[in-house]
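# everything below, folded, please.
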Amino acid sequence: MRNKYFQLAALAVLLSGCNSNDYTADTQESLSTPSYPVNNKTNSNSEVKRLDSVNYESFEQRGWNAENTSLSISTHQPGLNRALPKNFLFTQFQGPHSFSVESSIARFGSFSAKLHWQHDEPQKYNGDPQVLDNTDRKAMFHGHKASTTLATVWYGFSAYFPSEQTQLEDGQGALFFQIHGARDKNKEPNRIPPLSINLVENGFNIGYSWDSKKTSTSSHGEDNETFDVPAKLAEYQDRWVDFVIKVKTDPFENNGAISIWVDGKQMVNRTHIKIGYNDDMGVYPSFGWYLWGKYVNRNQDMIMYLDEVRQAEGEDISYQDVAPKAN
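Next up is the predicted model:
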């Protein structure tokens, strides 16, 4: 369903591959029971073998590395260690404060990533201090691209939302996960993400979009949908929350699907949908804060902790392969 704020989003979209995402809620997703059993221990040779194909980062090396570390949109790179595996594609950090290693709060092992977005003069860190650009809104890791636009992709991660730094009021929200389309170099506009998950006062707001045309002409795609997953925000603060996301992308036919589990409970199960874009390369994930649109207007910082990040592609991947594991 067309969102009335999308025109504002198009004006705010900047930078190749880094799109604004102004979704609001207008439909409600029904809940369902998990399709996959929750098991936090690997206990079979076949499972271990499959896990070899899962890209995994738990920040136990006290830093991170990425394939692209010289992009103009990645000026600030706190924690970069080029000796580590390149578990990410690139990053967008508002400033030198945006990433630090956290030792007192960890989902697994001894460390996690602290992602910090500062509200006071957020535009002063990148480019023109008089202009609030796309990177000024982010403290975000971007993962690797899928091999095709017709792919089954899986993502798992744990997030910790401290109540004092994730206060939402007066319609505020904050995006903490999204999937991007990797637009072709054919003068396509920046487009809203094929999938986004926002933290809002009444739970989680989900948006998805698609475009089957080889050359996109609209930043909103052919069409898009949004819906709410109702929940009490306080129940997801001051503790680790485990997310598993499965997406089957298909911008051409109603063969796509979205499944989202929160703490082992399946909260989204949408099938027979279109999702994604007709690009040469497949989608890629983004983990962390993006204060898009009016969400950037707030009187306090935003902090979250990130751990147990996994990414995989393929029909043979299972829930257990990407689900956060027990400590």
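# so D211 makes contact with D279?
No - under the criterion of C-beta atoms under 8 Å, D211 lies out of contact with D279, with a separation of 9.2 Å. C-beta coordinates here come from the backbone N, C-alpha and C atoms, glycine included.
# got a list of what S216 touches?
When the contact criterion is C-beta atoms under 8 Å, 6 or more residues apart in numbering, the partners of S216 are 183, 188-189, 191, 277-278.
# most neighbours among these, which one?
Neighbours here are counted as other C-beta atoms under 10 Å. On that basis the top member of these is Y277, with 28 neighbours.
# residues in contact with the closest residue in space to it that isn't next to it in sequence?
Setting aside the residues directly before and after it, Y277 is nearest to G181 in space (C-beta to C-beta, 6 or more residues apart in numbering), at 3.9 Å. If a contact means C-beta under 8 Å, 6+ apart, then G181 has 19, 191, 193-194, 276-277, 279, 283 as its contacts.
# for those, which one is nearest F252?
Minimum separation from F252 among these (C-beta to C-beta) is found for G276, which lies at 9.0 Å.
# so how far is stretch 61-75 from its chain's centroid?
How far stretch 61-75 lies from its chain's middle: 17 Å, per C-alpha atoms, centre = their mean, to the nearest Å.
# tell me the average confidence for that stretch?
Stretch 61-75 carries an average pLDDT of 96.
# before we move on, back to that, could you report the pLDDT at the residue nearest to Y277?
In this prediction, G181 has a pLDDT value of 94.
# could you export the contacts of S216 as CSV, including distance to T69 and secondary structure?
As requested, these are exported to CSV (distance: C-beta to C-beta, whole Å; DSSP: H, G, I helix; E, B strand; the rest coil):
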residue, distance to T69, secondary structure
R183, 21, coil
E188, 25, coil
P189, 27, coil
R191, 25, coil
Y277, 26, strand
N278, 29, coil
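# and the gap between the residue nearest to P189 when sequence neighbours are not counted and Y284?
Using C-beta to C-beta, 6+ apart and skipping residues adjacent in sequence, the residue nearest P189 is S219, 4.5 Å away. Separation of S219 from Y284 (C-beta to C-beta, to the nearest Å) stands at 18 Å.
# what does D184 give?
Distance of D184 to Y284, given as C-beta to C-beta: 14 Å.
# more neighbours: which of those two?
A direct count of neighbours by other C-beta under 10 Å for D184 and Y284 places Y284 higher, at 21 against 15.
# give the buried residues for stretch 318-327.
Neighbour-count burial for stretch 318-327, with 16 or more other C-beta atoms under 10 Å as criterion, is recorded at 318-325.
# if we can go back for a sec, what's the neighbour count on the residue nearest to P189?
The criterion is other C-beta under 10 Å. On that basis, S219 has 20 neighbouring residues.
# tell me where the protein has helices.
For the chain, helices defined by DSSP state H occupy the ranges 6-12, 45-51, 319-322.
# show me what the shortest one is packed up against.
Here helix 319-322 touches helix 45-51, strand 152-160, strand 240-248, strand 302-313, going by 3 or more C-beta pairs under 8 Å, 6 or more residues apart in numbering; DSSP states H and E.
# so which of the ones you listed comes closest to K138?
Comparing those against K138 with C-beta to C-beta, the closest turns out to be strand 302-313 (10.7 Å).
# average model confidence for the closest one?
Averaging pLDDT along strand 302-313 yields 98.
# helices or strands up against it?
The elements that strand 302-313 packs onto, with contact taken as 3+ C-beta pairs under 8 Å, 6+ apart, are strand 55-57, strand 112-117, strand 138-142, strand 152-160, strand 284-290, helix 319-322.
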